[in-house]
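Visitor: Got a sequence here, can you model it:
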Amino acid sequence: MALDLEKIKKIRESLEPVPLPEHDGVCYPSFLPFREKGAEQALKDITNFQSSDTDIMICTYAKSGTHWINEITSMLIRKTAELDNKDKATTMLETISDFSVTDDLQSPRLLNTHCQFRYLPKGQIVQRGKIIHMIRNPKDICASYYYHSRKDNIFLSFFGTWNEFFDLWMSAKCAYGSWYTYEKGIEQAEKDYPCMIFTCSYEEMKKDTERELKRLADFLEIPCTESTLEDIAKATSFQNMQHHKLDSTKELDGKGFIYRKGEIGDWKNYFTVAQNERFDEQYTERFKDSTYKLTFE
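Guide: Got it, this is the predicted structure:
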């Protein structure tokens, strides 16, 4: 893993910010595959990735708690409450230039992506591979994404203000595009492929971690004792992961920005009254037909 971190550091040092790659009206972070091949080819490569029938895919919109649910799932798979020594970025489909590196991963392979459902590996769908989807209050996502974008400007090329980022979000011009399009795609997939997708709420996972862990363990068909669930809940608490989990972004400023706050309701520190009203109006219109029930606190 040290080698992986050293590679990440060298890659970051060798790159300059560039305009976000774009395909079909959606922008993407300028990860190496997207710089080298272009967004269209990089997405095709992800779709054509050779899935195994045991692969487990974590699918989330950016800043929805991906690192957290990835660590939880890893612990359930490994049947241990010890933090994994891998960084999520090393198994993120968008960041992998040569997919042969995944051949060495132990089965079941735990992979992750922020790409829309329509770009998932075809084999994952054909084989009905398990998919874990975490959804989060989009206001908190917006605030967290702003902070992340300011810190990770090599790949996200953002140097603006909160007001400027808010406008990018509202117009779906931030990396990965529209949150609404992403979540509606997953929601439709749940209907099209029953029992393949496990959806959990970031807020519910925070409020009753052990209950949600039990639901996830049942979905993965992994037997767990109450004590194991309790140990995993403690090990994956925000405070423990913030202090002890490997974070490759620490290579940027010595602090890292993946585990920043992990709070519910941090959006209130950013949104103006006018912005909140504008957001609510858009949310009500764009998400009125969704069955997902979100918590705005």
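Visitor: and the gap between the residue nearest in space to the middle of the chain and residue 176?
Guide: Geometric centre of the chain, nearest residue: residue 66, 3.7 Å, by C-alpha atoms, centre = their mean. Here the criterion is C-beta to C-beta, to the nearest Å. By it, residue 66 lies 12 Å from residue 176. In short, each C-beta sits where N, CA and C put it, glycine included.
Visitor: if you go through the chain in chain order, where are the strands?
Guide: 22-23, 26-27, 56-59, 110-113, 130-135, 197-201 (DSSP state E).
Visitor: Looking at those strands, spot the one closest to residue 44.
Guide: Closest of the strands of the chain to residue 44 is strand 22-23, at 9.6 Å (criterion: C-beta to C-beta).
Visitor: ok so, going back, so what sits against both of residue 66 and residue 176?
Guide: Overlap between the contact sets of residue 66 and residue 176, as judged by C-beta atoms under 8 Å, 6 or more residues apart in numbering, is given by residue 114.
Visitor: Skipping its backbone neighbours, what lies nearest residue 11 in space?
Guide: If the residues on either side of it in the chain are set aside, residue 11 comes closest to residue 32, at 6.9 Å by C-beta to C-beta, 6 or more residues apart in numbering.
Visitor: Grab the nearest non-local neighbour of the residue nearest to the centre of the chain.
Guide: With C-beta to C-beta, 6+ apart as the measure, residue 60 is the residue that lies nearest to residue 66, at 4.6 Å, once sequence neighbours are left out.
Visitor: show me what contacts residue 139?
Guide: Under the criterion of C-beta under 8 Å, 6+ apart, the neighbours of residue 139 are 267, 271, 276, 279, 296.
Visitor: Nearest to residue 97 among these?
Guide: Taking C-beta to C-beta as the measure, residue 97 lies nearest residue 267 of the contacts of residue 139, at 35.0 Å.
Visitor: Let me know how buried the closest one is, in neighbour terms.
Guide: Residue 267 has 22 neighbours, counted by other C-beta atoms under 10 Å.
Visitor: picking up where we left off before, hmm, the residue nearest to residue 66 is touching residue 68, no?
Guide: No. With contact defined as C-beta atoms under 8 Å, residue 60 and residue 68 do not form a contacting pair (9.8 Å).
Visitor: Would you agree residue 61 is in contact with residue 176?
Guide: Yes. If you go by C-beta under 8 Å, residue 61 and residue 176 touch, sitting 6.5 Å apart.
Visitor: Need the overlap of contacts for the two.
Guide: Shared contacts of residue 61 and residue 176, defined by C-beta under 8 Å, 6+ apart, are found at 114, 182.
Visitor: if you count what's nearby, which of those two comes out ahead?
Guide: Each of residue 61 and residue 176 had its neighbours counted (other C-beta under 10 Å), and the higher figure belongs to residue 61 (26 against 21).
Visitor: Give me the nearest residue to the more buried one, chain neighbours excluded.
Guide: Take residue 61 and drop its neighbours on the chain: the residue closest to it by C-beta to C-beta, 6+ apart is residue 182, 4.6 Å away.
Visitor: how about the one you found, what does it touch?
Guide: 61, 114, 116-117, 176.
Visitor: quick one: least confident helix or strand in the protein?
Guide: Among the helices and strands of the chain, helix 250-253 carries the lowest confidence by mean pLDDT, DSSP states H and E, at a mean of 53.
Visitor: coming back round to it: determine the residues that are contacts of both of residue 60 and residue 68.
Guide: Going by C-beta under 8 Å, 6+ apart, residues that sit against residue 60 and also against residue 68 are residue 134.
Visitor: thinking again about what came up before, the residue nearest to residue 66 and residue 135: what is the separation?
Guide: According to C-beta to C-beta, residue 60 stands 8 Å off from residue 135.
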